[in-house]
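Colleague: Return atomic coordinates for the entry below.
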Amino acid sequence: MDTKQTHKAHRVRKSGASAKKTQKKNAEKNNPKAFTMQSSQRADRMSRRKAELDEKKYHVPMADRTPTVPPPLVVAVVGPPRSGKTTLVKSLIRRYTKNTLTEIRGPVTVVTGKHQRLTFMEAANDISAMTDLAKVADLVILTIDASFGFEMETFEFLNLLQTHGMPKVMGVLTHLDEFKDNKRLKLAKKNFKHRFWSEVYEGAKLFYLSGIENGRYLDREILNLSRFVSVMKLRPLAWRSSHPYMLADRIQDLTDPEVLEANPKANRTVALYGYLRGMHMRGGDRVHIPGAGDYRIDQTEQLPDPCPIPDKERKRLDERHKLVYAPMSEINGVMYDKDAVYIDVKKSRHEEKAEAGEGERMLGELQKVGTISDRLADQQFNLFSGAKPLTASSVRRPAESDYAQAVDSISKNSDTDGSDTDSDSDSDAGSTIGGGDGHETSSEGSTDESDSEIDSADEDDILRRVDALDTNASDDSSDSDSDDDQGVERLAPIHTASKRVNLMELVYGQKLEDKDGLAAGVSVNDNAKSLAMDTDLDEHKLRKCFITNPGDSEDEQGGEDEDEDDAGDFEDLEADSDGEQQPNDEASGTADESEEDEDQSDEENEFGLPSDKMKKLQNKFERLYGSDDEDGEKKDFYQQQKDVLQKYVDDTRLAMDELSSIDYRWAGEYVRVVIEDMPTEFIQGFNPYLPVVVGGVSNEEGLSLITLRIKRHRWYPKILKTGDPIVVSVGWRRFQTIPTYFMNDRIKNRMLKYTPEHMHCSAAIYAPFIQPGTGFCAYHLTRQHRFGIAATGTVLENSQAIDVVKKIKLTGYPEKILKHTAYIKRMFNSSLEVAKFEGASLKTVSGIRGQVKKAFGNNGVFRATFEDRIKASDIVFLRAFHTIPIKKFYNPITSLLSVTYMRTVAEIRRSKDMKVPNKKDSHYKPIERVVKRFNPLRIPKSVQAELPFKSKTKHVKTENGTSRAVVMDKHDKRVADLLGQINLLHKDKAKKQREKVQRQKAEYVKRRRAEEDEADARRKRKRKSFFRLEGRNQKGGSAQD
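Modeller: Reported below is the predicted structural model:
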């Protein structure tokens, strides 16, 4: 049979477990019972845990004053000597910029990302340098030598960070390649990590650098480290946000060489370069340079950013954007020193076709020397004070007839049209329109030479005016040209003599296009003088007539940089609040429109209030009762506080933007700060490895008494003594002062000779004003022990007077005793001293209290009363408190200059090999107290009769009233001796019996304990064997089943 086999069609299951059911969208979220907890206790625990996690995220909100273009973050690389700091910095710079620095000198700034820059600074092994760097560091990388362990420099720097504001801290373990055993390496990493956590915080990041290749750490490990640095979030510190400061990355001496030639030790004029951080700064502010002292800024100037952030959004940085800026380090053949610029050209024969570096290009420009005529053409001088500078080409009259006719026509008609122009132009800008009056004044009573000079000046004026008009026309046609190219085009005809005639020829026949109201299509051929003297030119066109033109307007730049004015010499008074410049017609039109809007708003107001007042009332209502926006997200109290702070910062920025005309330098700008009267030691002893910080101290100038809460550091081996000088680092300052330690007992401040061992105390010092709540640390300049930080604490208050008292004990002796009155001598020296202590309490050795009454005579004897009659042998004490004056000593530590500081008495004796003076009165002597025998107490019979019975003296009398003595004979004495011996033997026997019973009891207890232990072991073995058999039986039964 050849029939084809047929199969039954498959029937798809429509129900059951194997059926394919269509799932609804978000079905897992629509089932309310699927993800609920079955246990109510677990739900309660989870809700509490979630609430705790949310609360841990909260912190005290702080206003974020970071500018829109933030300055580079300061990354401090700190560690003991030979721990790998320099190698780490070189490796990170190589990772970010593909450049290799041969030597790290001073700060090194690199562009690390689209929105981030870093400034690396290596900390020197000096406590002053570490203190300055701890005040400005945003991120600290601690290098730890794993082969040696933690060193004291690491712990000292951590204590400095804790007192001056704790930034982000991360550790790096180096020299791990010296561990040959993996087990020891793993154990060492674990120990270092937990020790590092105990000092910083739980979970602090610790990186491991295993080895070195080609003088750098491994690329993969440096890549991980750099990625972590790039994503790290930093919390703003209150002190730095409220004070302007700058880490100088370049220093230049601007002193006149003639002054130095006359006096080599004269004070210098120094320019400091760096990124401004914190708040704004301007010329005239008071600043403090740690290690140099207080100074006043002569001027501040904004400079182009040497390491700018890429201006456009980019997915990745190109090589040309990976910049590195290290003025003190030799990079690209250029190194900036304190008074010179060094250029190193290293080119061999096979590198002649290579691209020249920055230093080679600079050296090539300096070596370009033209002919004598070219050099004379660039020279200029001022014939009169305030006049336009003359050049070599301006004294020659051009040969072209057209040009000469234009010059003659302007010189003849300058008197008639001079009144139409502005006569208030600057004296140094001879090219301004309307300068005819000045030429007329200078030409009166002059010679032929002066006439030629005037004509040449007029010729130069024509060139500048025509050039300005020509530039306007070119700007209209091409708005995409840069400011630098336009400035070069405007300045080219002024400095180049060969183009003076060609410019006029090029201008003839061209049409001038003006978009500010001038008629288009006006020909320049009509009259050269009419173009130059046109009164309809606005201020924007006038700016292009000057060399100091800061750039084009926002109309030509496409509306960008509306609020930016680099020059600041010109100000458009008709510009609106947004900084946009408007012509007169447009300005008047907008003013009329604004007036119409105000009138319309007043008419629409139903309450009849002005619009500004109505707006204030509306804002107040929204602040009290909330806005009408119900769809908005409801914010909790914490978020509301953050929004209030952020709104405050935004309002402050808007208000400061309106003050852009003030000569402020804002945070994030690269500025040049000029300081005069800087000591010559600052330049002569300049060390690029030490940080130079410029910190603003505008409100911290006056000196006063400062109250501190201080505690000796637990690792410092010695306690601190009152009167010993110590260095205090607080704020931007480091200074030496003499503290007075005291404790407050709620009544008075009692002086302490030494600081307590393990508790806080107060200290009074003389120093500049310091904000209360600021942390400080104290140390000695000369390291006397392994750990250098002597004490830490906070500032409590600033005051003009602090009363610190010291206990004194005055002694006197009775001179004459009259019942309860006595005359005391040898306690005071004059009646004036007695008058000062009238009413003071006295006390004798025997405890009798008294009081000072009046002076008796002029030799210091006074009358005193006591509560009982004293004796002539009594010593009278007067306990009092004497006010201690606070020593007003303030010595700034000038570590960048010549260091002069006060030494302690112990240091002076140690340096001069002097012994401690031996005073007999200072020796401790044994105290010998003679036991004084007092007479028995005798109570009068009249007093005894009035006493109660229990207080009366009892006298036992015999029958006959006399007592008799008992005298034993020999027999009675032997009987008494025998009874005593029997009692002694009985006591000895009882003692032995008690010892025997105790010994037997101890042996019995020991034997019973051993028996119980043996019985327990026997029961344990029996129980174990029983359960073993039971287990076997259960296994056998289950197998049979």
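Colleague: what number of residues lie near the closest residue to residue 192 other than its chain neighbours?
Modeller: Residue nearest to residue 192 in three dimensions, not counting chain neighbours: residue 173, with 6.0 Å by CB to CB, 6 or more residues apart in numbering. Glycine gets a C-beta too; all of them are placed from N, C-alpha and C. Neighbour count of residue 173, defined by other CB atoms under 10 Å: 23.
Colleague: again with the one 5 residues further on
Modeller: As a burial measure, the neighbour count of residue 178 was computed by other CB under 10 Å and equals 12.
Colleague: Which helix or which strand is home to the closest residue to residue 771 other than its chain neighbours?
Modeller: Leaving aside its sequence neighbours, residue 771 sits nearest to residue 795 (CB to CB, 6+ apart; 7.1 Å). Element membership for residue 795 (DSSP states H and E) is strand 789-799.
Colleague: Provide the strand pairings for that strand, with the direction of each partner.
Modeller: strand 703-712 (antiparallel), strand 775-779 (antiparallel) (DSSP bridges).
Colleague: ok, and for it, which residues are buried?
Modeller: 789-796, 798 (16 or more other CB atoms under 10 Å).
Colleague: need those residues in TSV with distance to residue 143 and pLDDT, can you?
Modeller: Converted to TSV, the buried residues of strand 789-799 look like this (distance: CB to CB, whole Å; pLDDT from 0 to 100):
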residue	distance to residue 143	pLDDT
789	20	92
790	25	93
791	27	95
792	24	94
793	29	95
794	30	94
795	32	95
796	36	94
798	39	92
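Colleague: mind putting those residues in CSV, distance to residue 18 included?
Modeller: Listed next are the buried residues of strand 789-799 as CSV, based on distance: CB to CB, whole Å:
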residue, distance to residue 18
789, 76
790, 81
791, 80
792, 74
793, 77
794, 75
795, 79
796, 80
798, 85
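Colleague: Identify, from these, the entry nearest to residue 840.
Modeller: Checking the buried residues of strand 789-799 against residue 840 by CB to CB gives residue 796 as the nearest, at 31.9 Å.
Colleague: for residue 173, which residues make a bridge with it?
Modeller: In this entry, residue 173 is beta-bridged to residue 144, residue 208, by DSSP bridges.
Colleague: which ones are touching it?
Modeller: For residue 173, the contacting residues are 144, 146, 189, 192, 206-209, by CB atoms under 8 Å, 6 or more residues apart in numbering.
Colleague: switch to 7 Å and redo it
Modeller: Counting by CB atoms under 7 Å, 6 or more residues apart in numbering, residue 173 touches 144, 146, 192, 206-209.
Colleague: Out of those, which is nearest to residue 784?
Modeller: Nearest to residue 784, judged by CB to CB, of the contacts of residue 173 is residue 144 at 25.2 Å.
Colleague: ok, now which ones touch residue 890?
Modeller: Residues in contact with residue 890, defined by CB under 7 Å, 6+ apart, are 703, 735, 737, 766-767.
Colleague: Going by neighbour count, which of these are buried?
Modeller: Buried subset of these (neighbour count, 16+ other CB under 10 Å): 735, 737, 766-767.
Colleague: out of those, which are inside strands?
Modeller: Residues of the buried ones among the contacts of residue 890 located in strands (DSSP state E): 735, 737, 766-767.
Colleague: what does the strand holding residue 795 rub up against?
Modeller: Residues from elsewhere that reach strand 789-799 (CB under 7 Å, 6+ apart): 156, 159, 163, 704-713, 716, 720, 726, 730, 769-770, 772-780.
Colleague: What are the boundaries of the strands in the stretch 51-200 of the chain?
Modeller: 73-78, 108-111, 117-122, 139-145, 168-174 (DSSP state E, counting those that start in this stretch).
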